[in-house]
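Novice: Mind folding the following:
(2 chains)
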Amino acid sequence: MAPFTPGFFATKLPILASGGIGAPSLPDFGWLTNSILVAAVVTTAILLFTRVATKKMSLIPNAKQNFVEFVIEFLYGQVEGIVGKKVAPKAFPILATLFIFILASNWFGLIPGVGTVGFGQKLAFLSVDSSFVNAEGHATFTPLLRPATADLNMNLALALVFMIVWLYLSVSELGVWGSLVHIFGPKGGLTGFLKYALMPIFFAVGMIEVLSIAFRPLSLSLRLLGNIFAGETLLHTMGGLGAALGLGKIPAFLTSVVFPIPFYFMEILVGMLQATVFALLCAVYIKLSTSHEDAEHH
Amino acid sequence: MTEILETFGLDWPKFIAQVIIVLLVYTILSKYAFGPVLSVLEARRRRIAEGESNLETIKAEMDKAEENVRATLDRANADAERLIVEARESAEAVRVQKTQEAVKEANQILEKARDGARLEHERVMGELKRDFGRLVIDATAKVTGKVLDDQDQVRINEEATSQIAL
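Specialist: As a prediction, the model looks like this:
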């Protein structure tokens, strides 16, 4: 078994450099990875579909427009229910983008061939080593495509873009001073002596809040990465189980088809759930930082 | 922290590339998908609301028109009934009047006929009396063979006519 080193792909197949945990990087063409390729494919697919569906918009919609309208109307209703009528028009685009993109990326990763079609050593015809590297740390297999959300760079990018929009929405809604008061100020409509007496406590709580806000991008991105990467690993492990157990060629092939099937259904749910969790948490963050103290008490 | 992130695969060039992709998707979807679709949904919602409002107006107008039609029909029925009653009353009045006129006319005709008959009767009786008196005078003159003077003739005539109880 000849090890496939990052240098091999750097010289032969630069486009196939892997992104994600333990992925080899390419010094000469480092940014273009298989997960970025998938992200680009998913982006193109989403944009093309929405373009086709919304090209000739009419009050009496065709099937594609109807579908897009259904999705957007449903998502808008959910967003409006969480962040409120006033903030919903401004918060909806980022939340809907996050949900649609993450969902499409997660489900794209379930298409047969994603993660198993590539270059290097395979365990069997349809199964690969889920770690993609051997004990020496050398790449054994580089897939042509990998789920975009199984790459921390993508998840962190999603979280970072969200945090920028979140900051803009919070400041535009409450103002800089209002946002600071919202975080550090006394809550619960306190007045008089009690208000000033509890100020240090609320300030300390505000510092903890700032810390939690600072960790939000990490918690969002690592949660998504963990779930999708685990799902991908699970599918690869199930696919390679027959070969790992030392079954013959044909039984190994059959098990590589049959064993992952139940987990595909689970991963469909996980993909939807993780997209929902990501978007839902973002919506809650927006709601928490844009709700007025006065409105909360009335 | 950086070490942890790098362990999980963070790489700045790849990260920047992903940020660009996310921004691209966000910008394009916001401008070319969410905006137009939400506008269409809003336009449709407005149109449906207008339709509902128009429907309410049309329904109210229809109710009003139906009420008007019903009121007109009621009025027409009432007028028709009144006209029928009036016509009946009028016909009855005319019938009574005509009957009375007919009766009156018949009575008049009857009266006239009676008067005529009575006058005729009196005339005939007068003539009869005159003829009878003349006959009595002629007979008396022939029986007695004397020429009766005017005085006798008047007397005989009066006696003869007084005998006739006609």
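
Novice: what about the most centrally placed residue in chain B, distance to residue A:117?
Specialist: Residue closest to the mean C-alpha point of chain B, counted by Cα atoms, centre = their mean, is residue B:80 at 3.2 Å. The spacing between residue B:80 and residue A:117, counted by Cβ to Cβ, to the nearest Å, is 91 Å. Backbone N, C-alpha and C define where each C-beta goes, glycine included.

Novice: Could you tell me which residues within stretch B:155-162 count as buried?
Specialist: For stretch B:155-162, burial by neighbour count (16 or more other Cβ atoms under 10 Å in any protein chain shown) applies to B:156-157, B:160-161.

Novice: Out of those, which sit inside helices?
Specialist: Among these, the members found in helices (DSSP state H) are B:156-157, B:160-161.

Novice: Tell me the one of the residues you listed nearest chain A?
Specialist: Distance ranking of those against chain A, using Cβ to the nearest Cβ, places residue B:161 first at 123.4 Å.

Novice: How about the closest one, nearest residue that isn't a chain neighbour?
Specialist: residue B:129 (4.7 Å; Cβ to Cβ, 6 or more residues apart in numbering or on different chains).

Novice: That neighbour: which element?
Specialist: Using DSSP states H and E, residue B:129 sits in helix B:35-144.

Novice: so how far is that helix from its chain's centroid?
Specialist: Put simply, helix B:35-144 sits 12 Å off its chain's centre (Cα atoms, centre = their mean, to the nearest Å).

Novice: Ok, stretch A:206-214 next?
Specialist: Using Cα atoms, centre = their mean, the offset of stretch A:206-214 from its chain centre is 23 Å.

Novice: ok, now stretch A:285-292?
Specialist: Its chain's C-alpha centre and that of stretch A:285-292 lie 22 Å apart, by Cα atoms, centre = their mean.

Novice: What of stretch A:268-275?
Specialist: Worked out by Cα atoms, centre = their mean, stretch A:268-275 lies 10 Å from the chain centre.

Novice: quick revisit: please report how far the residue nearest to the centre of chain B lies from chain A.
Specialist: Distance, residue B:80 to chain A, using Cβ to the nearest Cβ, to the nearest Å: 51 Å.

Novice: and if you look at residue B:59?
Specialist: Applying Cβ to the nearest Cβ, the value for residue B:59 to chain A is 23 Å.

Novice: what does the model give that residue for pLDDT?
Specialist: Confidence at residue B:59, expressed as pLDDT, is 92.

Novice: Show the low-confidence segments of chain B, by residue range.
Specialist: Applying pLDDT under 70 to chain B flags residues B:164-166.

Novice: Around chain A, which positions in it sit nearby?
Specialist: B:5, B:7-11, B:13-19, B:21-26, B:28-30, B:32-34, B:36-38, B:40-41, B:43-44, B:47 (Cβ under 8 Å from any Cβ of the partner chain).

Novice: Give me the subset of those residues lying in helices.
Specialist: Of the residues of chain B next to chain A, the ones assigned to helices by DSSP H are B:5, B:7, B:13-19, B:21-26, B:28, B:36-38, B:40-41, B:43-44, B:47.

Novice: For burial, what's the neighbour tally of the closest residue to residue A:118 other than its chain neighbours?
Specialist: Nearest non-adjacent residue to residue A:118, counting by Cβ to Cβ, 6+ apart: residue A:143, 3.7 Å away. Neighbours of residue A:143 under the rule other Cβ atoms under 10 Å in any protein chain shown: 24.

Novice: Against residue A:100, how distant is residue A:222?
Specialist: Following Cβ to Cβ, the distance that separates residue A:222 from residue A:100 is 21 Å.

Novice: Neighbour count for these two, which is higher?
Specialist: Each of residue A:222 and residue A:100 has its neighbours counted (other Cβ under 10 Å); residue A:100 has more, 22 against 19.
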